[in-house]
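Asks: Structure for this input, please:
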Amino acid sequence: MKLRKLAAVIAVASALVFTACKSTPTGDKTARNADSLYKEQKYTEALESYFTAQERGLNIYKEEKLYDGIADCYCQMGEYEKSIAYYKMSLEIEPANFEAWVNLGVAYRKTGDRDKAVESYEKALKYDPENNASVPLYTSLGSVYIELDKPMSAINYLEKARKFYPEKADIHAYLAIAYKMSFEYAKSEESLAKAKELHYPKIDAIQEQLAKLD
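Replies: Predicted coordinates for the structure are as follows:
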């Protein structure tokens, strides 16, 4: 009798395990495959896989990472408004996501919304000022502030970037513009000379921009 009861318990337990296995989300593998497709620059296929993964449900793969993947695909495909929407969805789940803030800033800049781009970049720095991507982000902020006609803010970020990477030609090129905008002509000339010395590839465009400020 005891053996029959034990067998019945085992049977019920096995049925529960089988049911649980059947109901386990299966989207994780599809999401990881989407990551691979994205790395291969197959953005349309990657996007389809991310949406399929979302439909199937996730177990270990994080939802915010899925939204990041979808947003990245849209950004690469030039659909920036959709990209922005999905970066925001990701950040609602994980507000301290440095990379998502940076990418959101890039997407905003692509749409021409420089104020929102600056806001996103500065949020990224607030959450993770020591990130390896922070230094180029200082350069990006500097260039956006130049576009916004705020040279002092541009100089602030560009000088931080220069401190870390004194041999980066683009930093000196942007500094040449920012300093001239703020009427610091000697520093502008010094920065331009350094950009030339470091063989900045777009030096002619920088000189044209500087000439317009005369």
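Asks: what's Asp113 sitting at in phi/psi?
Replies: phi -90, psi 80 (degrees, to the nearest 10).
Asks: Helices along the chain, start to end?
Replies: 2-23, 27-39, 43-56, 63-76, 80-93, 98-111, 114-127, 134-147, 151-164, 169-181, 185-197, 203-212 (DSSP state H).
Asks: now the angle between helix 43-56 and the fifth one, please.
Replies: It refers to helix 80-93. 40 degrees (axes from the mean of the first three to the mean of the last three Cα atoms, to 10 degrees).
Asks: Tell me the buried residues in helix 80-93?
Replies: For helix 80-93, burial by neighbour count (16 or more other Cβ atoms under 10 Å) applies to Tyr80, Lys82, Ser83, Ile84, Tyr86, Tyr87, Met89, Ser90, Leu91. Backbone N, C-alpha and C define where each C-beta goes, glycine included.
Asks: Domain map for this structure?
Replies: 23-110, 132-214 (automatic domain parsing).
Asks: re earlier: and of the buried residues of helix 80-93, the nearest to Ile60?
Replies: When the buried residues of helix 80-93 are compared for distance to Ile60 (Cβ to Cβ), Ser90 comes out closest, at 17.0 Å.
Asks: and the gap between that closest one and Ile70?
Replies: Distance, Ser90 to Ile70, using Cβ to Cβ, to the nearest Å: 9 Å.
Asks: before we move on, what about Ala169?
Replies: The value you get for Ala169 to Ile70, if Cβ to Cβ is used, is 35 Å.
Asks: For the two, work out which one has more neighbours and name it.
Replies: Ile70 (25 against 19; other Cβ atoms under 10 Å).
Asks: these two touch, right, the more buried one and Phe51?
Replies: Yes. Counting by Cβ atoms under 8 Å, Ile70 does reach Phe51; the two are 7.3 Å apart.
Asks: For the nearest residue in space to Gly142 that is not next to it in sequence, give me its contacts.
Replies: Closest residue to Gly142 apart from its sequence neighbours, by Cβ to Cβ, 6 or more residues apart in numbering: Leu158 at 3.7 Å. Going by Cβ atoms under 8 Å, 6 or more residues apart in numbering, Leu158 touches Tyr138, Thr139, Gly142, Ile171, Tyr174, Leu175, Ala178.
Asks: so what pLDDT did the fifth one get?
Replies: Confidence at Tyr174, expressed as pLDDT, is 97.
Asks: Pull the number of nearby residues for Gln54.
Replies: 18.
Asks: hmm, back to that, can you say which of the helices of the chain is packed in most?
Replies: Most buried of those by mean neighbour count (mean count of other Cβ atoms under 10 Å) is helix 169-181; its value is a mean of 24.
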